[in-house]
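> Kindly generate the corresponding structure for this input.
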Amino acid sequence: MEQPVWVYFGIIISLFALVIVSNVILDSQEQAKGLQVSNAVKKLGEMCSFVCRSEMDTLLTERIELPSGAALKASRLTQSICAQYRGAASCVQCPCAPANYDLNLDTPEHLQAFSSASFECSFERLAAGVKIGCKG
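As a prediction, this is how the structure comes out:
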């Protein structure tokens, strides 16, 4: 009688441990995606600053990775580049006004299609500021 009780107890403890481990793994993956967004915004900000200090018609590119569920936005009004992921926003200021740009990966199609994707973002120095465009 006592041995089956210990078997059931062991099974329950094992299931409980499995749930805890899976939650830790999922949290770690979400943190990694949040860090991926922050790194992408930092790289875009550095490139925007560099292009702003460059001569007219300078065209440079920067490769970034963004997770599905992220949204990238450049705003002429606030002179910033921002990305949002799961309610957390990461922004950088650009010394010259970036043209308005939106890249929304928070759609059902993007969420089903990929976990993370690479984009080649171009920065072109114009008289009015910087034109940004990402393809991937």
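
> Any idea how far apart the tips of stretch 120-132 sit?
In stretch 120-132, first residue to last residue: 10 Å (Cα to Cα, to the nearest Å).

> low-scoring pLDDT stretches of the protein, where are they?
1, 26-28 (pLDDT under 70).

> The spatially most central residue of the chain: which element?
Nearest to the geometric centre of the chain sits residue 37, at 2.6 Å (Cα atoms, centre = their mean). Using DSSP states H and E, residue 37 maps to helix 2-52.

> Could you say which helix or strand holds residue 83?
Assigned by DSSP H and E, residue 83 falls in strand 80-85.

> let me redo that: residue 71
Counting by DSSP H and E, residue 71 is part of strand 70-75.

> who touches stretch 94-104?
Residues from elsewhere that reach stretch 94-104, judged by Cβ atoms under 8 Å, 6 or more residues apart in numbering: 45, 48-49, 52-53, 66, 71-76, 79-81, 110, 119, 125-126, 128-134. Quick note: C-beta positions are derived from backbone N, CA and C, even for glycine.

> How about stretch 106-119?
Residues contacting stretch 106-119 (Cβ under 8 Å, 6+ apart): 33, 36, 63-71, 103-105, 134-136.

> buried stuff in that stretch?
In terms of neighbour count (16 or more other Cβ atoms under 10 Å), stretch 106-119 has its buried residues at 110, 119.

> Between its first and last residues, how far does it reach?
15 Å.

> Now do the phi/psi pair for residue 57.
phi 70, psi 10 (degrees, to the nearest 10).

> Just to check, it is in contact with residue 127?
No - judged on Cβ atoms under 8 Å, residue 57 makes no contact with residue 127 at a distance of 9.6 Å.

> Taking the contacts of stretch 106-119, please make a ChimeraX selection of just the buried ones.
Typed into ChimeraX, the line below selects the buried ones among the contacts of stretch 106-119, using 16+ other Cβ under 10 Å:
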select :33,36,64,65,66,67,68,69,70,71,103,105,134
